[in-house]
Structure formats: structure tokens, C-alpha cells
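Peer 1: Just the structure for this:
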Amino acid sequence: MKVRALSWAFLLILLVSIALFAFPCAAEQSAYRDLKQGDQGQDVKELKTAMYYLGYFTSLNVSDTYNGLTAERVRILQKQNGLAQTGIADAALQALVFSGQCVPADGAPAPTSQPSPTPPPSIQATAVPASTPVPASAGLDSPADPLKDFRVLKVGASGADVRNLKVAMYYLGYFTSLNVTESYNGVMEERVKRLQSDNGFPADGIATPELQYAILSGQIPPLANAPAPSPVPTPSPKPLSPANMPGDIPETDEKGFLLEKGRTYLYENPQDGLWLYKTSDLSITIARYSDPTRTLIWFETEIRCTPDSPLSTYLSAGNTPGKRYMSPLTLASESRAMLALTDDFFGHRLNNNYRTGIIIRNGKIIGDSTYRADQPAFPNLEVLAVFDDGRMQCFLSNAHTAEEYLEMGVVNTFAFGPILVQNGELGPHMTDMSYYHYREPRCALGMIEPWHYVILTVKGRSDDSKGIYLDWLAERMLYLGAKEAMNLDGGGTVSLIFNGKMLNKTTRNLRSVTSIITFGQIDQ
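Peer 2: Numbering: from 1, shown residues only. Model (predicted):
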């Protein structure tokens, strides 16, 4: 009996060993746990990152939470790969995603300029030689040509796909800076040759569709000196530090406030694109930037203030404040604002008997009619609330009534939308590439921390700047450290005024508005 028991035990061990040898992926899959809605962890984040490279997410600013959006994208991936659409990422699905054999989404968008790392070495696939197309998984419905969305890239080529490839190569260690262009130049050819040589591809310096797919799908291992990527920009406060800061700024504290009470510092340099204003309780820094490859010019404004120098609003005078149209320069002059910017243009909706959104200005209710939270209109009248303690917070359009906001300590609300950043993550619509995706002049206001704000003003509709997309605006706000940010009225309304001067456009044919946001006052 004892011999028979030993024989059965030996047979069982033999069968298990044969199974592990014959099906090594089964042992590897055991390292994955099933992921479903409500789960959290680094493995959730890594899965979402890998799905981004396959086109199932449109941003690399992904959290470690398996939320409803994740379940929806997993179902799309499952459908694309001929699997049961459960919305649950079981071990087999995760192994497929990280294998490099998963069928990508149709019309997958090009990656953004902030790619995250490739999967950990334990789940990286071996690089596929350029001469061998990436195979489809066994038993799955594969596309006729998984490389159809890639073109051959070589010296002389230019475009967003070149820039995206350079960015991905940066995170693999083949570029030393994210300040890359859309041009496939000699440096790019040299770096591609090195990557090819390191990974068994013909070192000809040409980025074939096979090579691009391998790079963007996470199949190429990073170099030992590759930078540690930060796919989610840090929300920790960090001031703007333009390279051309003047050397005569008086002594300041760590927040940039002047140490000497009663003193004022003003600096204006339109040629170099830098404007500064400092007192003992207010610090304003405006820096102009440009990206000729995108035909883009924008302004980044950092504001540090105190309860003695808060964000304020100014409305056109009359029986109904905020109803009369006036030049934004006139409003800035009347309010003596050192810094002024246009807001949600609620006066236009008020004058035309549209729903105004939840509008509170300087503690007074002006409008209380809004949309339901899932309203597809633009603007969707989502709310940026400014509290009396210096906080800003974004809310869906019907989250609270105006009276409720007042009870919460809100002194100003701006109703426009969409939400760009909420709780340090991209807003609800900012991962949807079909959501009003077009270039326009833009204006956004956000909070890094209480009493510490940032404004993005994008020039557009001109030969030197075509405007920008909403998702760029959101990702830039995250990069600057904003925890909350809202898109305000854009297009021809956008105005950024400093010390009485318009910075972002000429003063000809200015669009009249009914209200502005202000900081500081010009001394009389």
C-alpha cells in the first residue's frame, strides 16, 4: 500500500512537471490576479498603461484604480480580440496585453508626450525582429494588417508620429531630453540605429512600422540609464522658473513675496516674453512660450496670493451687473486690475436667456439654472468654485445649488467646462478623443494649492498660433502641478491683460465681455 501511494505521488509530480514544461505561460499567468471594478494597485496602473499603448486609453495620466472607465475600455479590448466582453481583466487577459500580441484598437491615437515606462522585466515580451510581423494571439481574430496605421519613417520625414516615437525612445533611454521636435533628423537616425543594434534589428536607422510597433507596444526593454518616468505629473507646488529672470528682483521669501512691506516690484519685457509683479502679499509671474512645430504660442501665469490679495471678479456696471458688454481693457482699467483675464462669459447666456450655469460673483448669486451632469452641450456648465479659504474645486454642473455653494464658503463660481483636472487627475472627458477635439484659442484657470494658482492662455486663430486641443490644456495643467483646473471661455473671448496691456493679441476688434477675473491693483 505504501509503495502504491508513493507511485501515485510520483505520477502526480511527473504530470505537474510535464504541464509546467509544456505550458509555461500557465505558470506565468499565476502571477496575475483577476482585476475588476473597485480594485486598486500598481498592477491596475500597469495594465492601463499597457492598454494606452494599444490605443484603448488616450492619456498616460492613469490612476491605480479599476474604475468604470477601465471596465469599459477592457470590454472594448475584449471585443476587438474576440473575447467575452466581461469588463474583467483576468490573468489570461493581462498576459495577452503584456505579450505584445494583443490586437490594438482601431484608429488608435498616437501616444501623448508623456509616455510611461514599459512593463516590468518580469512581464516584458522579447523584441520582435523587424523582418517578422508581430503575430496575433492563437485563437483570436487578428486584423488583416496590425501595422496599417504606421508609415516608414526616415531622415527627412516630419510629423506628430516622429515626435511621439522620439518621446517613447526617451523613456527607453535613447534620448536625453523630452524637448524633441517633429523632424526625423540625423540625431534621430543615429539613436534609431543604436536601438536597432541593441535589440536585434537591422541597424539601418529607418523606423519601419514593425520597429515602431515594437517600441510603442512595450516590447523594447529600456537601457540601464533610462529615466524613471513620471506618467502622472506631480501635484506638488513648483513655481515657474523662466530662464530669462531679471537679476534685480528684491529679496523675497520662499513663496516669492517681497520681504519689504509696502514695496512694489514691476517688470515688463514683451520682447523676451516675461512679466513680473511682486508685493509682500502677491506674486505674479507670466512667461510666454512657443512651439513652432505646432504653430503654437501660449502664456503660463503663476499667481501666489493671500487673504489680503485674493482672486476677485469685476462685472460691468448697470441695473443688472454683468449684463452690459464692454471691452475687456475697459473693465480692467475700471477695476485697476494689475492682472485680468476673461472668464466664463456668463453675460452672453444671461443676455440671450440661456441657462447661465451656477453663477456666484463676490459672494452674490447671479444665476442658478444649469444642465444635468451628462449634458452633451458645449459648454457643459461644469463649475469651478473658489472658496473663502483660497481653495478651488471643480464640480459637475448640477452637483450643488447656488445656495449650497454659499453655505460651503464659496465666494465665486465660474460655469463653463469641461473640467480639465479634478483631484489631481484628468477630468471626466479628457480621455475621450472625440470630445470637442479641435484647435482653438483657450483659457484655463487652476489651483496648485490654496492661494496658489495657475492660468494657461493659448493664442489662436492667427498665422503664428493655431490654438490647441482641450486634452493638451489638461495635460499641461497637470504638468504645472494643478490639482483642480477648469476650461473657461475660449475663442475670440480670450484676453490676458497685465498692467493695462493686452498680452495675447492685438487690441483691434476686441470681443466685448461683461465680466473679468482680477488680481492686484495698479497704484494710482
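Peer 1: gap between the closest residue to S63 other than its chain neighbours and Y56?
Peer 2: Leaving aside its chain neighbours, S63 sits nearest to E425 (5.8 Å; criterion: C-beta to C-beta, 6 or more residues apart in numbering). To be clear about C-beta, it is placed using only N, CA and C from the backbone, and glycine gets the same treatment. Using C-beta to C-beta, to the nearest Å, we find E425 at a distance of 18 Å from Y56.
Peer 1: out of the two, which sits in the more crowded spot?
Peer 2: Comparing E425 with Y56 by other C-beta atoms under 10 Å, the one with more neighbours is Y56, at 22 against 19.
Peer 1: Give the helix, strand or coil label for the more buried one.
Peer 2: On the three-state scheme (DSSP: H, G, I helix; E, B strand; the rest coil), Y56 is labelled coil.
Peer 1: Number the residues from 38 up from this point.
Peer 2: With 38 as the first residue, the last one maps to Y93.
Peer 1: So for it, what's the pLDDT?
Peer 2: Turning to Y93, the model gives it a pLDDT of 82.
Peer 1: got it, and L84?
Peer 2: Per-residue pLDDT puts L84 at 90.
Peer 1: For the stretch 138-287 of the chain, which segments are assigned as helices?
Peer 2: 197-208, 223-235, 246-253 (DSSP state H, counting those that start in this stretch).
Peer 1: On the strand side of things, show who the residue nearest to S100 bridges to.
Peer 2: In this entry, E462 is beta-bridged to Q459, by DSSP bridges.
Peer 1: Tell me how far it lies from E521.
Peer 2: Shown here: E462 relative to E521, a distance of 10 Å by C-beta to C-beta.
Peer 1: quick one: buried residues of the host helix or strand of W335?
Peer 2: For W335, the element it lies in under DSSP states H and E is strand 333-341. Residues 333-341 are the ones in strand 333-341 that count as buried (16 or more other C-beta atoms under 10 Å).
Peer 1: Please parse the protein into its domains.
Peer 2: The chain is divided into the following domains under automatic domain parsing: 66-253, 302-558.
Peer 1: since we're on G528, how many residues are nearby?
Peer 2: G528, neighbours per other C-beta under 10 Å, totals 14.
Peer 1: looking at this, T330 is in a strand?
Peer 2: No. Counting by three-state DSSP, T330 falls outside a strand, being helix.
Peer 1: residues in contact with it?
Peer 2: T330 makes contacts with 200, 218-220, as judged by C-beta atoms under 8 Å, 6 or more residues apart in numbering.
Peer 1: what do you get for A436?
Peer 2: Taking C-beta under 8 Å, 6+ apart, we find A436 in contact with 410, 420.
Peer 1: Just the pLDDT for it.
Peer 2: pLDDT, A436: 94.
Peer 1: Just confirm it is within a helix.
Peer 2: No. Under three-state DSSP, A436 sits outside any helix and is assigned coil.
Peer 1: Quickly note the distance from it to P365.
Peer 2: From A436 to P365 the distance is 29 Å (C-beta to C-beta).
Peer 1: Any idea which of the helices of the stretch 138-287 of the chain gets closest to G284?
Peer 2: helix 197-208 (32.8 Å; C-beta to C-beta).
Peer 1: Which strands or helices does that closest one pack on?
Peer 2: helix 223-235, helix 246-253 (3 or more C-beta pairs under 8 Å, 6 or more residues apart in numbering; DSSP states H and E).
Peer 1: need the strands for the stretch 338-487 of the chain, in chain order.
Peer 2: For the stretch 338-487 of the chain, the strands defined by DSSP state E, counting those that start in this stretch cover 349-352, 374-379, 394-398, 401-406, 419-424, 429-432, 447-453, 456-459, 462-463, 479-486.
Peer 1: Figure out how far the third one is from the centre of its chain.
Peer 2: Yep, that's strand 394-398 we're talking about. Offset of strand 394-398 from its chain centre (C-alpha atoms, centre = their mean, to the nearest Å): 27 Å.
Peer 1: ok and it relative to strand 419-424, angle-wise?
Peer 2: If you take axes from the mean of the first three to the mean of the last three C-alpha atoms, to 10 degrees, strand 394-398 sits at 20 degrees to strand 419-424.
Peer 1: Show me what strand 394-398 is packed against.
Peer 2: helix 383-388, strand 401-406, helix 439-445, strand 447-453.
Peer 1: Quick one: those as CSV, columns for mean pLDDT, distance to R498 and mean neighbour count too.
Peer 2: Shown next, in CSV, are those (pLDDT from 0 to 100; distance: least, C-beta to C-beta, whole Å; neighbours: other C-beta atoms under 10 Å):
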stretch, mean pLDDT, distance to R498, mean neighbour count
helix 383-388, 95, 18, 21
strand 401-406, 96, 28, 17
helix 439-445, 96, 34, 15
strand 447-453, 97, 19, 25
